[in-house]
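Student: would you be able to build a 3D model of this:
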Amino acid sequence: DSALMVALPELKRAGMKKVLVVNGDTPLITTDTLRDFMFYAEGADVSVATLTLENPGAYGRIVRQNGELRAIVEAKDFDVAVHGEPTGEINAGIYMLNLEAVEILVPKLGNENKSGEYYITDLVGMAVAEGMVVRGLSCGSDPNLLGINNPAELAASEELRRRAIVEERLAAGVAMHGPDMVRMGPYVTVEPGAELFGPCELYGHTHVASDVIIESHCVIRDSRVESGTVVHSFSHMDHAEVGPDCLVGPYARLRPGAVMERGAHMGNFVEMKKAHIGNGTKVPHLSYVGDADLGEHTNIGGGTITANYDGVHKHHTTIGSNVHVGAGNLFVAPVTVGVGVTTGAGSVVRHDVPSDSMVYSENTQHVVEGWKPTSWVRRMHRIWE
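Tutor: Predicted coordinates for the structure are as follows:
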């Protein structure tokens, strides 16, 4: 293998006596497997881990004589007349090599095969021919040692890892409904007592505390969810922090920088981005809170927007504690609303509002009596024509 050829001078310069070589396409190998293999390989010049599969596919075939490993032959070069009937035993892609033996064998590697490549697997047959000690450790049918060569094999390996993670969390006391539909990354931590409903997805360095309920169809990435919080269905979080006893969703989206303190509510079709929501504050539905700080025990009426972007720069909105925001409000940042303020429905708040006051925008309402929409539509059609 050309990689081994390139690395050999550096290994010698470092004074290494042995080298463990593992294929880069086998991400599910465990340290226990490698430790056992290294113990088995002690004293051998060349050792190889093997698997036995019902369908060996394109993996390199193991050739044995009287139970002893004699060669590894790539699938495309395997010839029954020369190598005998295949047994299903294949190369797992894990090698332990004595560097003194490698120094002798590597210069003799050739690429006279159908692919025109240098195969590290050829070291086995060459070592046998040189009278070296060669061992093949059978690892049964352990699927965690399978390499990934195509999308189908990648999907199969992902499913193996997903199932192992889920089973580990179940054993630790995490409740799951529909565990076959729960996807969880290897760095996700879920405390015993949490309850998950599949399908749901947890990725990155997400942490879910005990007594959290995460309903179905939620996607959470690199976020923290503290004890007592309920995340309703179809909610998304990305780099968000949700404190204890909060309510999120359904259909809520918490983007990077979203922080909810204890007892805060972020309801239906609400989006947060770089926003901090104080204790007990509620944003029940149909709102966008971006680049904003909201104090404690404030209530945000439905359809409220913090307009943070002027087309060039992002600006900040600050809304104090114990504020009652009417429905359909628009806060044009930068703007600060003090403590204890009440805003009227449909207000456009463009300037700072002092504490303990009320603010509202007057919009003139016009009524056209005798209005007939159908006649107006016909009139407009004539104009367009």
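
Student: tell me the pLDDT at the residue nearest to Ile300 when sequence neighbours are not counted?
Tutor: Leaving aside its chain neighbours, Ile300 sits nearest to Val283 (4.4 Å; criterion: CB to CB, 6 or more residues apart in numbering). Using the backbone N, CA and C atoms, a C-beta is placed for each residue, glycine as well. Model confidence at Val283, given as pLDDT, is 97.

Student: which element follows the helix or strand hosting Val283 toward the C-terminus?
Tutor: Element membership of Val283 [criterion: DSSP states H and E] is strand 282-285. Counting by DSSP H and E, the next helix or strand C-terminal to strand 282-285 is strand 288-294.

Student: ok, back up a step: which residues does the residue nearest to Ile300 form a beta bridge with?
Tutor: Met266 (DSSP bridges).

Student: my guess is it meets Ile277, correct?
Tutor: Yes: between Val283 and Ile277 there is a contact under CB atoms under 8 Å: 6.9 Å.

Student: any idea of the pLDDT on Leu20?
Tutor: 89.

Student: give me the residues contacting stretch 258-269.
Tutor: Contacts of stretch 258-269 with the rest of the structure, by CB atoms under 8 Å, 6 or more residues apart in numbering, involve 237, 239-252, 254, 272-287, 296.

Student: can you rerun that using 7 Å?
Tutor: 240-248, 250-252, 254, 272-273, 275-286 (CB atoms under 7 Å, 6 or more residues apart in numbering).

Student: low pLDDT regions in this structure?
Tutor: Where the chain drops to pLDDT under 70, the residues are 1-2, 57, 81-82, 84, 110-118, 372-385.

Student: pull the longest helix from the chain.
Tutor: The helix that spans the most residues within the chain, counting by DSSP state H, is helix 151-171.

Student: what's that one packed up against?
Tutor: If contacts are counted by 3 or more CB pairs under 7 Å, 6 or more residues apart in numbering; DSSP states H and E, helix 151-171 sits against strand 182-184.

Student: would you show me how to pick out the buried ones of the contacts of stretch 258-269 in PyMOL?
Tutor: The buried subset of the contacts of stretch 258-269, as determined by 16 or more other CB atoms under 10 Å, is captured in PyMOL by this line:
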select buried, resi 240+241+242+243+244+245+246+247+248+250+251+252+254+272+273+275+276+277+278+279+280+281+282+283+284+285+286
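
Student: among the contacts of stretch 258-269, name the ones in helices.
Tutor: Using DSSP H, none of the contacts of stretch 258-269 sit in helices.

Student: what comes into contact with the one helix or strand Leu196 maps to?
Tutor: Using DSSP H and E, Leu196 sits within strand 195-197. Under the contact criterion CB under 7 Å, 6+ apart, strand 195-197 has outside partners 174-178, 182, 213-216.

Student: from the residues you listed, which would you call buried?
Tutor: 174, 176, 182, 213-216.

Student: thinking again about what came up before, the contacts of strand 195-197 in strands, which ones?
Tutor: Mapping these onto strands (DSSP state E) picks out 175-177, 182, 213-214.

Student: coming back round to it: and the helix or strand just after the strand holding Leu196, which strands flank it?
Tutor: Downstream of strand 195-197, the first helix or strand assigned by DSSP H and E is strand 200-203. Strand pairing for strand 200-203, determined by DSSP bridges: strand 182-184 (parallel), strand 219-221 (parallel).

Student: ranking these by burial, who's on top?
Tutor: Stretch with highest mean neighbour count among the strands paired with strand 200-203: strand 182-184 (a mean of 23; mean count of other CB atoms under 10 Å).

Student: next secondary structure element downstream of that one?
Tutor: Next element after strand 182-184 (DSSP H and E): strand 189-190.

Student: tell me the helices and strands packed up against that next one.
Tutor: Counting by 3+ CB pairs under 7 Å, 6+ apart, strand 189-190 packs on no helix or strand.

Student: which residues outside stretch 127-138 are in contact with it?
Tutor: Contacts for stretch 127-138 (CB under 7 Å, 6+ apart): 37, 40-41, 43-50, 52, 62, 69-71, 101, 104-105, 124.

Student: list the ones among those residues that fall in helices.
Tutor: 37, 40, 101, 104-105, 124.

Student: filter the residues you listed to the buried ones?
Tutor: Buried among the ones in helices among the contacts of stretch 127-138 by 16+ other CB under 10 Å: 37, 40, 101, 105, 124.

Student: which one of the contacts of strand 195-197 is nearest Thr189?
Tutor: Thr189 lies nearest to Val174 out of these, by CB to CB, at 10.2 Å.

Student: who's in contact with the closest one?
Tutor: For Val174, the contacting residues are 190, 192, 194, 196, by CB under 7 Å, 6+ apart.

Student: please apply the same query to Val359.
Tutor: The contact partners of Val359, taken as CB under 7 Å, 6+ apart, are 341, 343, 347, 349, 353.

Student: let's have these in CSV, adding distance to Gln365 and neighbour count.
Tutor: Formatted as CSV, those follow (distance: CB to CB, whole Å; neighbours: other CB atoms under 10 Å):
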residue, distance to Gln365, neighbour count
Val341, 25, 22
Thr343, 19, 26
Ser347, 15, 24
Val349, 20, 25
Val353, 24, 20
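
Student: the residues you listed into JSON lines, with extra columns for distance to Gly267 and secondary structure?
Tutor: Shown next, in JSON lines, are those (distance: CB to CB, whole Å; DSSP: H, G, I helix; E, B strand; the rest coil):
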{"residue": "Val341", "distance to Gly267": "21", "secondary structure": "coil"}
{"residue": "Thr343", "distance to Gly267": "19", "secondary structure": "strand"}
{"residue": "Ser347", "distance to Gly267": "21", "secondary structure": "coil"}
{"residue": "Val349", "distance to Gly267": "21", "secondary structure": "strand"}
{"residue": "Val353", "distance to Gly267": "24", "secondary structure": "strand"}
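
Student: run a quick neighbour tally on Trp371.
Tutor: 8 (other CB atoms under 10 Å).

Student: to clarify, my last question referred to Glu100.
Tutor: The burial count for Glu100: 13, using other CB under 10 Å.
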